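Visitor: my questions are about this predicted structure, shown below with the sequence.
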Amino acid sequence: EAQVTQNPRYLITVTGKKLTVTCSQNMNHEYMSWYRQDPGLGLRQIYYSMNVEVTDKGDVPEGYKVSRKEKRNFPLILESPSPNQTSLYFCASSPGTNPYEQYFGPGTRLTVT
Amino acid sequence: SQQGEEDPQALSIQEGENATMNCSYKTSINNLQWYRQNSGRGLVHLILIRSNEREKHSGRLRVTLDTSKKSSSLLITASRAADTASYFCATASYNDMRFGAGTRLTVKP
């Protein structure tokens, strides 16, 4: 089944404790992206990648890192999480190198205390 | 920063009625897309309209795009209870994507 998977789905952590949210897609898509969703703000793009080893900042990259060493994986790293990073995070992928017709993962709900 | 702004923020209709949602944006775009989200789950792509298109249909969905007014509308005809969800417009430039805050649609049986 064609899908985007994220792990973990739920995470509660403490300020400053490094964490990684994994994202994997099995559709051989070039484009991958991370978003955060907060009430009243819709989705905001954190980072995106048009292909392996090519990443770029979205609208809200501060406090996040990403890497794209393989085509299928695009992990999101929070080196020192803070409470303002409490949010619902989505990974998405799309065929080609543009964000057209994205497929979304199920989301990761992160709480930083 | 947000690009699209949906209007209304919330819409409640009876099953069988049509639902219209609007989206306005600020800068030039390559295309505009509409997505649906059911209660905290991942978004599902509904339809994409390119900047050189004015109208597009997909099943019960009809999307219009007016680039001179920087606006788009999504019409869902003959709505069903299963259409209850949040709907987001998203504007795409060459390689980034910006979403609006969404319209919450409730379809009462």
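Guide: Yep, it's here.
Visitor: for the residue in chain B positioned nearest to chain A, which non-adjacent residue is closest in space?
Guide: For chain B and chain A, the shortest gap (Cβ to the nearest Cβ) falls at B:G42, measuring 3.5 Å. For glycine as for every other residue, the C-beta is placed from the backbone atoms N, C-alpha and C. Leaving out its chain neighbours, the residue that sits closest to B:G42 by Cβ to Cβ, 6 or more residues apart in numbering or on different chains is A:F104, at 3.5 Å.
Visitor: okay, and the beta partners of the one you found?
Guide: Per DSSP bridges, the residues bridged to A:F104 are A:A92.
Visitor: assess the claim that it and B:N38 are in contact.
Guide: No: A:F104 is beyond contact range of B:N38, at 11.4 Å (criterion: Cβ atoms under 8 Å).
Visitor: overlap in contacts, the two.
Guide: Among the neighbours of A:F104, those also in contact with B:N38 (Cβ atoms under 8 Å, 6 or more residues apart in numbering or on different chains) are B:V44.
Visitor: ok, these two, which is more surrounded?
Guide: A direct count of neighbours by other Cβ atoms under 10 Å in any protein chain shown for A:F104 and B:N38 places A:F104 higher, at 23 against 12.
Visitor: follow-up on the earlier one: pretty sure the residue of chain B closest to chain A sits against A:Y89.
Guide: No: in this structure, B:G42 is not within contact of A:Y89 by Cβ under 8 Å, at 10.8 Å.
Visitor: need the overlap of contacts for these two.
Guide: With Cβ under 8 Å, 6+ apart as the test, B:G42 and A:Y89 both reach A:G107.
Visitor: so those two - more neighbours on which side?
Guide: Higher neighbour count among B:G42 and A:Y89: A:Y89, with 23 against 19, using other Cβ under 10 Å.
Visitor: pull up the residues of chain B that are close to chain A.
Guide: Residues of chain B lying close to chain A (Cβ under 8 Å from any Cβ of the partner chain) are B:1-2, B:4, B:30-31, B:33, B:35, B:40-45, B:48, B:88, B:90, B:92, B:94-102.
Visitor: and these, which are buried?
Guide: Among the residues of chain B next to chain A, those classed as buried by 16 or more other Cβ atoms under 10 Å in any protein chain shown are B:2, B:4, B:30-31, B:33, B:35, B:42-43, B:45, B:48, B:88, B:90, B:92, B:95-102.
Visitor: which strands and helices sit next to the helix or strand hosting B:E6?
Guide: For B:E6, the host element (DSSP states H and E) is strand B:5-7. Counting contacts by 3 or more Cβ pairs under 8 Å, 6 or more residues apart in numbering or on different chains; DSSP states H and E, strand B:5-7 packs against strand B:19-24, strand B:85-92.
Visitor: strand partners of that strand, parallel vs antiparallel please.
Guide: When DSSP bridges is applied, strand B:5-7 pairs with strand B:19-24 (antiparallel).
Visitor: by contact count, what packs against the next helix or strand after the strand it pairs with?
Guide: Remark: after strand B:19-24, the chain's next helix or strand is strand B:31-37, criterion DSSP H and E. Secondary-structure packing of strand B:31-37 (3+ Cβ pairs under 8 Å, 6+ apart): strand B:44-50, strand B:61-66, strand B:71-76, strand B:85-92.
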